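K.L.:
Got a sequence here, can you build the structure:
(one chain, ligands or ions: 1)
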Amino acid sequence: DPAILWLRRDLRLHDHPALNAAVEQAGAGGVVPVFVVEPALWKGAGDARRGWLAHTLKDLSDTYDGRLVLRMGDPEKVVPALAREVGASSVHVSRESTPHGRRRDEAVEDALGDVPLVATGTPYAVAPGRVVKNDGTPYAVFTPFSRAWQDHGWPGAANPPKSLRWATADSHKTAQDAVDKAAKGDPLLPVGEAAASERWEDFVDEAIAAYDTDRDRPAVDGTSRMSAYLKLGVIHPRTLLSRISRLRSTGASTLRTELAWREFYADVLYHHPRSAWHDLRPALKGMTYDDPGEHVEAWKEGRTGFPFVDAGMRQLLETGWMHNRVRMVTASFLTKDLHTWWPIGARHFMDHLIDGDIASNNHGWQWVAGTGTDAAPYFRVFNPVTQGEKFDPQGDYVRRWVPELRHLEGKKAHSPWDHEAGYDEGYPERIIDHKEEREEALRRYESARG
Ligand code: FAD
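P.N.:
The predicted model follows:
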């Protein structure tokens, strides 16, 4: 009998344990690969993330010889209906660990009745929840987690299936139309598994040696740019980790640590599903925040009058991605300078990032806001100007994203207020006084602590 491969965050052909399990189970019956567009997730994704998913699905369909089946609706109904339609003996998935994913998969498992839902592998090198302390409790702090995660280790890449036989079912028009429509514009990054591998190999050949320093330079293309591929499982982290396992450079070991952050945040979300949208630690429970207004709009549109912040926010809107250093600075600006509760910023990022991932994004925000795991202490407030001068010393990043500052040479682009022609091209004045708002943030923090 055929087996169904229900794809979610594993949109690839290579190194795919769930696909291999489906192939083995199906034998001559063949595998029916399906992606179910869930209306609530689809609508909530924002144009950029939806577009990226749609392009990725179309590319995957080519990779799967045109056999990828698209359906739309609640998986609890759609997956069992497809199983009946094709007479499937089993449904195969990569195990999910997000709150929504776990709830959904339990419901689908029940609805499938006698047809087993078989989970093989996860979107992580080590399954979230697997790395625990000696007493069985989860890690709350990154560094010991990271050490235990490395000690735990992970299997090598899965071999490709020996013979891959697809079985057919039709895509439904509503799903196909939704995907076609979302894939109208050009993709924001080269799309698909081959493009991901190519970018990764180039990065390992040319940039990983200098990654340790270049990763903090937003004007330099010095990071792997794997995040949007990892998000949809176009490439698996184990594939990346095994590629760099024998490299001895500090760059390679720093990259391993960055990948460990992704695994850590997934682990935290697994143990604390509420932390997706609520403070993880109650430390700032008594904190007062301002309601979002004009200033938050200016932040979203990149017209705060702080060049480094505006450059980042505009890079996000234009490309669906923002450099990590600038994510930290823009998030700090929203939470500390504009006194805004972090979920408001996290929502905006999720609407525009093509790598938007609930665990990494929302815990990244909590880290900056001081409510998360081993958070930066609340009183450490980023200075948006000196951060820019330090990490974009020539001002190239600012000039790339903020045309109204292109007439200012070198680091002058970071401080138009200090230069005569600074505002000649229409760049906005600063919406706040950083020194005053920093003090205000600290006052609120002190009184929240009682
Ligand atoms: P590289 O520097 O090449 O890193 C390689 C990989 O390691 C990344 O692709 C990513 O999977 C992982 N990684 C690196 N840094 C982190 C980190 N701090 N936390 C978790 N994983 C990390 N990352 C996302 O993938 N999705 C998000 O939605 C997201 N939102 C963020 C929001 C805020 C406020 C902050 C501060 C960080 C956020 N990050 C997020 C983490 C980080 O900014 C991105 O992973 C990174 O910029 C992606 O670019 P890259 O692939 O070139 O990174």
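K.L.:
send the alpha carbons of the helix or strand harbouring residue 40 over as CSV?
P.N.:
Using DSSP states H and E, residue 40 falls within helix 39-44. The C-alpha trace of helix 39-44 is given here as CSV (Å, rounded to 0.1, in the frame of the first residue of the first chain):
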residue,chain,number,x,y,z
PRO,A,39,-5.5,28.5,6.5
ALA,A,40,-4.8,30.1,10.0
LEU,A,41,-1.0,29.7,9.6
TRP,A,42,-1.1,30.8,6.0
LYS,A,43,-3.0,34.0,6.7
GLY,A,44,-1.0,34.8,9.8
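K.L.:
chain center to that helix: distance?
P.N.:
From the chain centre to the centre of helix 39-44 is a distance of 17 Å (CA atoms, centre = their mean, to the nearest Å).
K.L.:
That helix: what's the following helix or strand?
P.N.:
Using DSSP H and E, the helix or strand that follows helix 39-44 towards the C-terminus is helix 47-63.
K.L.:
Let me see the mean pLDDT of the longest helix along the chain.
P.N.:
Longest helix in the chain by number of residues (criterion: DSSP state H): helix 250-271. Taken as a whole, helix 250-271 has a mean pLDDT of 97.
K.L.:
please begin residue numbering at 92 from this point
P.N.:
In the new numbering, first residue 92, that becomes helix 341-362.
K.L.:
Can you pull up the residues of the stretch 442-541 of the chain that come close to the ligand?
P.N.:
The stretch 442-541 of the chain comes close to the ligand at residues 444, 446, 447, 448, 451, 452, 455, 456, 459, as judged by CB under 6 Å from any ligand atom. (C-beta placed from N, C-alpha, C; glycine too.)
K.L.:
Check which helix or strand residue 261 maps to.
P.N.:
Counting by DSSP H and E, residue 261 is found in no helix or strand.
K.L.:
Next, count neighbours for it.
P.N.:
Residue 261 has 10 neighbours, counted by other CB atoms under 10 Å.
K.L.:
ok now the longest helix of the chain, how far from the chain's centre?
P.N.:
Remark: helix 341-362 is offset 12 Å from the chain centroid, using CA atoms, centre = their mean.
K.L.:
So which bits of it are buried?
P.N.:
Residues of helix 341-362 classed as buried by neighbour count (16 or more other CB atoms under 10 Å): 342-343, 346-347, 350-361.
K.L.:
Heading C-terminal from that helix, find the next helix or strand.
P.N.:
Remark: after helix 341-362, the chain's next helix or strand is helix 385-392, criterion DSSP H and E.
K.L.:
gap between residue 471 and residue 458?
P.N.:
Noted for residue 471: a distance of 11 Å to residue 458, by CB to CB, to the nearest Å.
K.L.:
quick one: residue 125 is in a helix?
P.N.:
No. Under DSSP: H, G, I helix; E, B strand; the rest coil, residue 125 falls outside any helix and is assigned strand.
K.L.:
What residues are bridge-paired with it?
P.N.:
With DSSP bridges as the criterion, residue 125 is bridged to residue 97, residue 160.
K.L.:
residues in contact with it?
P.N.:
95, 96, 97, 98, 159, 160, 161, 162, 170, 173, 260 (CB atoms under 8 Å, 6 or more residues apart in numbering).
K.L.:
separation between it and residue 133?
P.N.:
Residue 125 sits at a distance of 15 Å from residue 133 (criterion: CB to CB).
K.L.:
before we move on, what about residue 509?
P.N.:
For residue 509, the distance to residue 133 (CB to CB) stands at 47 Å.
K.L.:
of the two, who's got more company?
P.N.:
residue 133 (17 against 9).
K.L.:
Confirm for me that the more buried one is in contact with residue 269.
P.N.:
Yes. Using CB atoms under 8 Å, residue 133 is in contact with residue 269, at 6.8 Å.
K.L.:
give me the low-pLDDT residue ranges for the protein?
P.N.:
For the chain, applying pLDDT under 70 flags the ranges 466-467, 541.
K.L.:
could you redo the last one with a cut-off of 90?
P.N.:
135, 247-254, 337, 339, 372-376, 463-471, 537, 539-541 (pLDDT under 90).
K.L.:
How about the residues of it by the ligand?
P.N.:
So the chain meets the ligand at 306, 314-318, 321-322, 346, 349-350, 352-353, 356, 415, 418-419, 422, 440, 444, 446-448, 451-452, 455-456, 459 (CB under 6 Å from any ligand atom).
K.L.:
Give me the buried entries from those residues.
P.N.:
In those, burial by neighbour count holds for 306, 314-318, 321-322, 346, 350, 352-353, 356, 418-419, 422, 440, 444, 446-448, 451-452, 455-456, 459, counting by 16+ other CB under 10 Å.
K.L.:
could you list every residue that touches the closest residue in space to residue 262 that isn't next to it in sequence?
P.N.:
Nearest residue to residue 262, sequence neighbours excluded (CB to CB, 6 or more residues apart in numbering): residue 161, at 4.1 Å. Residues near residue 161 by CB under 8 Å, 6+ apart: 125, 126, 128, 148, 262, 263, 266, 267, 270.
K.L.:
nearest to residue 376, of the residues of the stretch 442-541 of the chain next to the ligand?
P.N.:
Residue 376 has its nearest neighbour among these in residue 456, at 16.9 Å by CB to CB.
K.L.:
residue contacts, that closest one?
P.N.:
By CB under 8 Å, 6+ apart, the contact set of residue 456 is 422, 426, 433, 434, 436, 437, 440, 463.
K.L.:
and if you look at residue 278?
P.N.:
Counting by CB under 8 Å, 6+ apart, residue 278 makes contact with 142, 143, 146.
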